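1. pasting a predicted model and its sequence here:
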Amino acid sequence: MGYDYGNNCKELYTSYNHSFYFYHYLDKERGIRFIYGKRGRDLLPFLYKMRYALQGSPAWTSNSCQCFDEHELGWKRDDGLDGWTPSIGNALWFLEEIISECIRSPNAKWHGD
């Protein structure tokens, strides 16, 4: 379960498990839904600020979400962590997906849920 959202160019998903980081570092009231109704170009300063804050922790380099793309069996890593684990690294992985799409489609408006 999580957030389904997109910008009419690409559809994305972020697990509820990572919502804490979006509420804490992006918008305290709306969390990831802060992006809804906004264009990519207008979101980039906010998203870059969140990325900078998350990268302040040593844990930002470790994520399990990329394992979904690397392994057929799902999001499990050798250490037992997975893409559902609420971690800074996993939240940053989802954030990077949004940033990349904002750069690719700066005029597209985001929508979701």
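-> Alright, I've got the coordinates.
2. what's the mean pLDDT across the lengthiest helix in the chain?
-> Criterion DSSP state H: the longest helix present in the chain is helix 88-104. The average pLDDT within helix 88-104 is 91.
3. so which other helices or strands are in contact with that helix?
-> strand 11-15, helix 19-25, helix 40-54 (3 or more CB pairs under 8 Å, 6 or more residues apart in numbering; DSSP states H and E). Glycine gets a C-beta too; all of them are placed from N, C-alpha and C.
4. any idea which of the ones you listed gets closest to residue 112?
-> strand 11-15 (8.7 Å; CB to CB).
5. which residues sit against the closest one?
-> 1-6, 22, 32, 83-84, 94, 97-98, 101 (CB atoms under 8 Å, 6 or more residues apart in numbering).
6. quick check on residue 110: phi, psi?
-> Here is the backbone geometry of residue 110 (degrees, to the nearest 10): phi -90, psi 150.
7. tell me the contacts of it?
-> Residue 110 neighbours (CB under 8 Å, 6+ apart): 5-7, 35-40, 43.
8. distance to residue 88 for the helices and strands packed on helix 88-104 - can I get that in a markdown table?
-> Below are these laid out as a markdown table (distance: least, CB to CB, whole Å):
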| stretch | distance to residue 88 |
| --- | --- |
| strand 11-15 | 14 |
| helix 19-25 | 7 |
| helix 40-54 | 5 |
